[in-house]
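**Q** Show me the folded form of this:
(one chain, ligands or ions: 1)
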Amino acid sequence: MGLAAQMLPGVGAFAQSGERKVGYCVIGLGRIADHFMRGVKEGSTSTITGLVSGHRDKAERIAAQYGVPKSSIYSYEDMDKMRENKAIDAVYVALPNSMHAEYTIRSAKAGKHVLCEKPMCTSVSDAEAMIAACKAANVKLMIAYRLHYEPTTLRAIKLIQDGAVGQVQSIVSANGFNESAGEWRLNKALSGGGPLMDVGIYCLNAMRYLTREEPVKFAGFVSTIDKDGRFDTVEENTSWTMQFPSGIQASCTTTYGGSMPGFYRVYGSKGWLQVDEFGYQGLRLTARYSQGRGSPATTLDEPNLEKDPKQFVREADHFTECILKDRAPRTAGEEGLLDMQYMREIYRVAGVTAL
Ligand code: NDP
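**A** Sure thing, here's the model as predicted:
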């Protein structure tokens, strides 16, 4: 057993007997936290054992739902006390982006493993500090890139790796939505940036897991069309192109100004493959490729019928397994840091102050 696992009270016992689940304290009880908690409840490896919230009433209501004792509800001010709470092995940071770094670092100092939502944080230097803090405390850090654990995504990656569409030449991708006034996502102090940080990051990350390459050249643009007060601190639209070492090119776009259902389409020498939806359910893979002139074409249409919160079950299972078996998460802090560096580059070439 590795050192981190040895430091976990009772985890060894669970690993051997299966009696003890890994306990998560959820920090920030908003929308994504609800999906995650339902996922944990549906799974069998993890359990909710603590809550951190600025709203005690809400926290008590949720605590009752998940069997969390009132003594394991913390405020943002006193959450460091969770150090003494042996039922909490890990935290799930589900706060606005600019708070991720502080709460990851405080949790690490309290001796807890950290599963942190995307984007990892709002600056490259914060991402580096989060990784350093988790290393210093000997706890694991995973960024909640849930699609890395999702079957349609894994199938698309495998088809491309197996050469189904031939040599990939180009990928296009989009993801966006019409954001409402008053949301923290429109406040740069909390979000760190516009739709790129929030939903464009799915396109960026997909280009990397589909090509298995790291981008080396960037071009990008930002614009704000609607002067209705929503975009006083963050941009409304971002579009960017990236080139990878092999020469593969990717064109991506994201918006907070209109409905833009998520998708990517991969064009290769033998055909194309598309995945629709970056959401919690309803992903669909379609493809059409052939092995050469005169060969019959293969056509795929594979809807993923899994329902929310399956993706969250897989995400929690993966981190729990990493904790129990002392393994590195597939989407460790270093994966989040790379996206932070690329988003900084996209903003830089688009003329926006770097992250
Ligand atoms: P919400 O606004 O729904 O929830 C955020 C929670 O953070 C609030 O409910 C609140 O919890 C707490 N909070 C503390 N301070 C503030 C503040 N100043 N303003 C607003 N909330 C505050 O956000 P989401 O759940 O949609 O997003 C949270 C994080 O999860 C973001 O980083 C986002 O990018 C990420 N996310 C990831 C998704 C994914 O699929 N992986 C999808 C959606 C979001 P309380 O009242 O308990 O204090």
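
**Q** roughly how far apart are the closest residue to the ligand within the stretch 151-300 of the chain and T255?
**A** Of all residues in the stretch 151-300 of the chain, W184 sits closest to the ligand, at 4.4 Å by C-beta to the nearest ligand atom. Just so you know, the C-beta spots here come from the backbone N, C-alpha and C atoms, and that holds for glycine as well. W184 sits 18 Å away from T255 when distances are taken as C-beta to C-beta, to the nearest Å.

**Q** Pick out whichever of those two has more residues nearby.
**A** Comparing W184 with T255 by neighbour count (other C-beta atoms under 10 Å), the higher total belongs to T255, at 25 against 14.

**Q** For the residue of the stretch 1-150 of the chain found nearest the ligand, which non-adjacent residue is spatially closest?
**A** Ranked by C-beta to the nearest ligand atom, the top residue of the stretch 1-150 of the chain for proximity to the ligand is G30, at 1.7 Å. Of all residues not flanking G30 in the chain, A94 sits nearest, at 6.2 Å (C-beta to C-beta, 6 or more residues apart in numbering).

**Q** okay, now that neighbour: neighbour count?
**A** Counted with other C-beta under 10 Å, the neighbours of A94 add up to 25.

**Q** wait, what's in contact with it?
**A** Contact analysis of A94 by C-beta atoms under 8 Å, 6 or more residues apart in numbering lists 26-30, 32-33, 36, 117.

**Q** Apply 7 Å and report the result again.
**A** Listed by C-beta atoms under 7 Å, 6 or more residues apart in numbering, the contact partners of A94 are 26-28, 30, 32-33, 36, 117.

**Q** Ok, K270 next?
**A** So K270 contacts 165-166, 289-291 (C-beta under 7 Å, 6+ apart).

**Q** between those, which is nearest T353?
**A** V165 (38.4 Å; C-beta to C-beta).

**Q** I figured that closest one hits G271, correct?
**A** Yes. Assessed by C-beta atoms under 7 Å, V165 is found in contact with G271 at 4.9 Å.

**Q** circling back to that earlier point, could you double-check that the residue of the stretch 151-300 of the chain closest to the ligand lies in contact with P96?
**A** Yes. W184 is in contact with P96 according to C-beta under 7 Å; the separation is 4.8 Å.

**Q** Mutual contacts of the two, please.
**A** 190-191.

**Q** mind giving me the domain split of the protein?
**A** 3-146+312-332, 148-306+338-349 (automatic domain parsing).

**Q** distance between the first one and the chain's centre?
**A** For domain 3-146+312-332, the gap between its own C-alpha mean and the chain's C-alpha mean amounts to 14 Å (C-alpha atoms, centre = their mean, to the nearest Å).

**Q** quick check: mean pLDDT across that domain?
**A** Regarding domain 3-146+312-332, the rounded mean pLDDT is 92.

**Q** Settle this for me: I160 is touching R265, isn't it.
**A** No. Using C-beta under 7 Å, I160 is not in contact with R265, being 12.0 Å away.

**Q** Quickly list what's touching both of these two.
**A** With C-beta under 7 Å, 6+ apart, I160 and R265 have no common neighbours.

**Q** okay, the two: which has more neighbours?
**A** Neighbours of I160 and R265, each counted by other C-beta under 10 Å, are more numerous for I160; the result is 21 against 16.

**Q** more neighbours, V165 and G271?
**A** In terms of neighbours (other C-beta under 10 Å), V165 is the more surrounded of V165 and G271; the figures are 23 against 19.

**Q** Which pLDDT value goes with that one?
**A** Looking at V165, the pLDDT reads 98.

**Q** Which of the contacts of A94 fall within helices?
**A** Within the contacts of A94, residues falling in helices by DSSP state H are 32-33, 36.

**Q** Pick the most buried one from the domains of the chain.
**A** Among these, domain 3-146+312-332 has the highest mean neighbour count (mean count of other C-beta atoms under 10 Å), at a mean of 20.

**Q** any idea how far P151 is from D317?
**A** Distance, P151 to D317, using C-beta to C-beta: 13 Å.

**Q** again with C252
**A** 30 Å.

**Q** One more: V172?
**A** 32 Å.

**Q** can you check R265 too?
**A** R265 sits 30 Å away from D317, taking C-beta to C-beta as the criterion.

**Q** Over to A144?
**A** Taken as C-beta to C-beta, the span from A144 to D317 is 13 Å.

**Q** Likewise for I248?
**A** Distance, I248 to D317, by C-beta to C-beta: 32 Å.

**Q** Kindly report the same for A206.
**A** 22 Å.

**Q** Can you pull the residues of the protein lying near the ligand?
**A** Residues of the chain lying close to the ligand by C-beta under 6 Å from any ligand atom are 28-33, 53-55, 58, 94-97, 117-118, 144, 146, 184, 190, 198.

**Q** try 5 Å
**A** 28-32, 53-55, 94-97, 117, 184 (C-beta under 5 Å from any ligand atom).

**Q** Looking at these, which two lie furthest apart in space?
**A** H55 and N97 (19.6 Å).

**Q** didn't A108 look like it was pressed against C116?
**A** No. Between A108 and C116 there is no contact under C-beta under 7 Å: 10.3 Å.
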